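Novice: with the input below, show me the fold.
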Amino acid sequence: MAVTVNIYYCGENGNARKFAEEMVASGIVGDIRAEEGNIRYEYFYPMEDTETVLLIDCWKDQQALDAHHTSPMMQQIIRLREKYDLHMKVERYISDEAGVPEADKSFIKE
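Specialist: Numbers count the residues shown, from 1 in each chain. You can find the predicted model right below:
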């Protein structure tokens, strides 16, 4: 089962966005996306909160996520979080292997 972690990075003076921009520019994001088991690693900006950045981080299973957490990249991420003085709110989801229920498909335009 895939594990998705939504991480809301919150800061001041645009620091959350600066963090995300440095993560991309430094190549850390590309390296994470290349890790075994990474499905998705993308940043989003909430329209009504300019001091927050949402990271959607998805892994094929808990073992892949655990391996990521012990990788050298985690120390780089932690260093950047500290540099930009970010606080985090985390939500965690496990995929529904059954997929989208038939009753919900009528609400989805593909």
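
Novice: this structure: strands as residue ranges?
Specialist: Secondary structure of the chain (DSSP state E): strands at 3-10, 38-44, 52-59, 87-94.

Novice: can you tell me which of those strands is most buried?
Specialist: strand 52-59 (a mean of 20; mean count of other CB atoms under 10 Å). Heads up, the C-betas are built off the backbone N, CA and C, glycines and all.

Novice: and that one, what does it pack against?
Specialist: With contacts taken as 3 or more CB pairs under 8 Å, 6 or more residues apart in numbering; DSSP states H and E, strand 52-59 sits against strand 3-10, helix 15-25, strand 38-44.

Novice: among the ones you listed, which is nearest residue 65?
Specialist: Among those, the nearest to residue 65 by CB to CB is strand 3-10 (5.3 Å).

Novice: distance to residue 79 and mean pLDDT for the strands of the chain - can I get that in a markdown table?
Specialist: Below are the strands of the chain laid out as a markdown table (distance: least, CB to CB, whole Å; pLDDT from 0 to 100):
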| stretch | distance to residue 79 | mean pLDDT |
| --- | --- | --- |
| strand 3-10 | 14 | 98 |
| strand 38-44 | 18 | 98 |
| strand 52-59 | 16 | 98 |
| strand 87-94 | 15 | 97 |
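
Novice: can you lay out these as a markdown table showing distance to residue 66?
Specialist: A markdown table is the format used below for the strands of the chain (distance: least, CB to CB, whole Å):
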| stretch | distance to residue 66 |
| --- | --- |
| strand 3-10 | 10 |
| strand 38-44 | 13 |
| strand 52-59 | 9 |
| strand 87-94 | 13 |
